[in-house]
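**Student:** My questions concern the predicted model and sequence given below.
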Amino acid sequence: MINFRPARIATTTAILIMLASSAAVPAMARPIDPDPPVATRKIVFPDSSLNCPLRRIDRQLVRCDNLTGAGVPAPLFIPEL
């Protein structure tokens, strides 16, 4: 008589290993403490005593003779200088 016991044990073990490895494992996330808040500073331009409205020259935003807007095209509803 042929003994199928070793093959059956190997098959069962392989199936159990595959099931165990495919089970969903909960993610372990730990909170990271952010850096302590930094005090903000107000930037003051030398000519800040003047009232400097936001204007545009062609498609560039200008305030107090300084280019602003980081190169983003200015909307056309802003008055042109």
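**Tutor:** Perfect, I can see it now. Since the model is a prediction, treat every value here as computed from it, not as a measurement.

**Student:** Is residue 62 in a helix, a strand, or coil?
**Tutor:** When classified by DSSP: H, G, I helix; E, B strand; the rest coil, residue 62 comes out as strand.

**Student:** can you tell me which residues contact it?
**Tutor:** Residue 62 makes contacts with 54-56, 68, 81, as judged by Cβ atoms under 8 Å, 6 or more residues apart in numbering. (C-beta placed from N, C-alpha, C; glycine too.)

**Student:** Can you list the buried residues in stretch 10-18?
**Tutor:** Residues of stretch 10-18 include none that count as buried (16 or more other Cβ atoms under 10 Å).

**Student:** how about that stretch as PDB, C-alpha atoms only?
**Tutor:** Extracted in PDB, the C-alpha atoms of stretch 10-18 (Å, rounded to 0.1, in the frame of the first residue of the first chain):
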ATOM      1  CA  ALA A  10       3.500  18.900   2.800                       C
ATOM      2  CA  THR A  11       0.500  20.100   0.900                       C
ATOM      3  CA  THR A  12      -1.300  21.200   4.100                       C
ATOM      4  CA  THR A  13       1.800  23.000   5.300                       C
ATOM      5  CA  ALA A  14       2.200  24.800   2.000                       C
ATOM      6  CA  ILE A  15      -1.500  25.900   2.000                       C
ATOM      7  CA  LEU A  16      -1.200  27.100   5.600                       C
ATOM      8  CA  ILE A  17       2.000  29.100   4.800                       C
ATOM      9  CA  MET A  18       0.300  30.700   1.800                       C
END
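
**Student:** Quick one: which of the contacts of residue 62 is the most crowded by neighbours?
**Tutor:** residue 56 (20 neighbours; other Cβ atoms under 10 Å).
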